[in-house]
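*Asks:* Below is the sequence, then the predicted model.
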Amino acid sequence: MGRDVASVTISGEDRRRYRDKVRRCLDVLARMLGESQFDFERPHIGLEIELNLIDELGDPLMRNADVLKAIADPAWDTELGQFNLEINIPPRELGGEGTGELEAEVRDHLGHAEDRAGEVGGELIMIGVLPTLRRSDIGEETLSSNARYKMLNDQIFRARGEEMHIAIDGPEPLRMHTDTILPEAACTSVQFHLQVSPDEFGAYWNAAQAVAGAQVAMAANSPFLFGHRLWQETRITLFEQATDTRPDELKTQGVRPRVWFGERWITSVFDLFEENTRYFPSLLPLCDDEDPLAVLDDGGIPELGELTLHNGTIYRWNRPIYAVVKGRPHLRIENRVLPAGPSVADVVANGAFYYGVVRMLAEQDRPVWTRMSFNTAEENLHRAARDGLDSTLYWPGVGEVPAAELILRKLLPLAHEGLDRWGVDPARRDRLLGIIERRCVTGQTGAAWQIATVDSIEESTAAPRHEALRLMTRRYVENMRSNAPVHMW
């Protein structure tokens, strides 16, 4: 959600007023879309990376406030758990010089933060789920010291009316109950942003949904949770379950979950914001003083604070974003399906693949979403999360196909052409997409490397599971710092 809020007591009147403001904001957004308020010269991209803090053993370190103070950089912020941090990389034109410098810039940021974290006995790790996290690490006392997290936790459990049941199948199935949303803090992701015009938004969002399964298959990096080996990208199902406000009765009635793939292809960004307003009650009903209609009538650009706050508590895997930057409104898609890591090179390569493929899919004469059901796209995501590159995905024109084959034969050529259309330097294009190619050829994702390394440690040393996870985590950090892509580990 990314917004600080004050700790307050929420009344029924607060909820009614907030609902009215959200609807007013939605009406203003509709008018702005009709008046073509969102012009821009070249699209910009943005990048957010969530990370974990660990100690010298590889266990979670609950000191993000101390590390943030030491980093002293506004690009860094807290996340849900005291062992989480997030960095926001400044936006830049897609295809411009800034795109080529992205990898070096991220490495510089992380290097500085690593040095500062070391001053308080910590290290940073980019990984989808921290393997050494234990159930004892997720009590309410480990929430970050920001009122918004405590309020969000309280409101989710108020809506549920009961504790949460988490059930994940896999080689070592997990069943547990929790009375906090802290299991969500185990999920650390990368978010790729892409500025999109209103006219093109529907096509780009549909394209991002269509390719989500392939993205997860080739980037899976979350096989362990609380000592259990589960899905290749356990983060997907964990995030869906850990923020679910619905008791079983509401699930049976078909009430939508807060972490949501969606239920249909769209024609406009308005479809998504309208669905958010229609289907989801508020979690943080906090109003500001802006009258969005009055601001627009006076020739200004409204912030639409209630609409954006509400949108921030609905966790679509591809989330629509409205924002005002330097007095100008813009729309962007926030792609949220991928885990953090393993290396910066891997992260930037994943972004190159995504930006290239969605450009081509969005501009096809016969779009992929006219030839594939929405439910199939969602099923692809969950198949990929369970089985990674070993999954079988559906794609129009080829049917059911191994994920690696789909990426190598169909999607990588699209990514090459798409990056050309964005104006990305050919040498950078080839290096980054070459990382994706080698990952698919070798079959070595972050998840595959983690599983194989733990198996090797357990077989050669007879170490108990948690110790094996610690040793693997230490090796992972060393490889991450080298910036070698994971297929070379």
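*Replies:* Looks like it arrived, so ask away.

*Asks:* Please count neighbours and contacts with C-alpha atoms only from this point.
*Replies:* Fine.

*Asks:* okay, which residue is most central for this protein?
*Replies:* The C-alpha lying nearest the average C-alpha coordinate of the chain belongs to Arg336 (CA atoms, centre = their mean; 2.7 Å).

*Asks:* Could you grab the helix/strand/coil label for it?
*Replies:* strand (DSSP: H, G, I helix; E, B strand; the rest coil).

*Asks:* quick one, what contacts it?
*Replies:* For Arg336, the contact set (CA atoms under 8 Å, 6 or more residues apart in numbering) comprises Ser189, Val190, Gln191, Phe192, Arg316, Trp317, Asn318, Arg319.

*Asks:* Show me which residues of the strand or helix carrying Thr99 are buried.
*Replies:* Assigned by DSSP states H and E, Thr99 falls within helix 97-100. For helix 97-100, a neighbour-count test (16 or more other CA atoms under 10 Å) marks Thr99, Gly100 as buried.

*Asks:* so what does it touch, helix or strand wise?
*Replies:* With contacts defined as 3 or more CA pairs under 8 Å, 6 or more residues apart in numbering; DSSP states H and E, the packing partners of helix 97-100 are strand 84-93.

*Asks:* Check the secondary structure at Ala366 for me.
*Replies:* Heads up, residue 366 is Arg, not Ala. Put simply, Arg366 is coil when judged by three-state DSSP.

*Asks:* Just the pLDDT for it.
*Replies:* Looking at Arg366, its pLDDT stands at 95.

*Asks:* what's the answer for Ser7, then?
*Replies:* Ser7 is assigned a predicted lDDT (pLDDT) of 50.

*Asks:* Next: Gly170.
*Replies:* At Gly170, the predicted lDDT confidence score is 95.

*Asks:* mind listing what the nearest residue to it once chain neighbours are set aside touches?
*Replies:* Once flanking residues are discounted, Gly170 sits nearest to Leu230: 4.3 Å by CA to CA, 6 or more residues apart in numbering. Shown in contact with Leu230 (CA under 8 Å, 6+ apart): Ile168, Asp169, Gly170, Pro171, Glu172, Pro173, Leu174, Pro223, Phe224, Arg386.

*Asks:* quick one: Asp39 and Val196 touch, right?
*Replies:* No: applying CA atoms under 8 Å, one finds Asp39 not in contact with Val196, separated by 9.5 Å.

*Asks:* list residues touching both of those two?
*Replies:* His330.

*Asks:* Comparing the two, which shows the higher neighbour count?
*Replies:* Val196 (26 against 13; other CA atoms under 10 Å).

*Asks:* Next, the contact list for the closest residue to Asp387 other than its chain neighbours, please.
*Replies:* Closest residue to Asp387 apart from its sequence neighbours, by CA to CA, 6+ apart: Gln232 at 5.6 Å. For Gln232, the contact set (CA under 8 Å, 6+ apart) comprises Ala220, Asn221, Ser222, Pro223, Ala384, Ala385, Arg386, Asp387, Gly388, Ala447, Ala448.

*Asks:* Just the ones in strands from the residues you listed, please.
*Replies:* Nothing among the contacts of Gln232 maps onto strands, per DSSP state E.

*Asks:* As TSV, those residues with pLDDT and neighbour count would be great.
*Replies:* Listed next are the contacts of Gln232 as TSV, based on pLDDT from 0 to 100; neighbours: other CA atoms under 10 Å:
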residue	pLDDT	neighbour count
Ala220	98	33
Asn221	98	33
Ser222	98	30
Pro223	98	29
Ala384	98	28
Ala385	98	30
Arg386	98	24
Asp387	98	22
Gly388	98	30
Ala447	98	27
Ala448	98	19
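
*Asks:* mind checking how far the residue lying closest to Thr442 once chain neighbours are set aside is from Ile435?
*Replies:* Spatial nearest neighbour of Thr442, chain neighbours left out: His487 (6.6 Å); criterion: CA to CA, 6+ apart. As judged by CA to CA, to the nearest Å, His487 and Ile435 stand 8 Å apart.

*Asks:* ok but Pro329 is inside a strand, no?
*Replies:* Yes: counting by three-state DSSP, Pro329 falls inside a strand.
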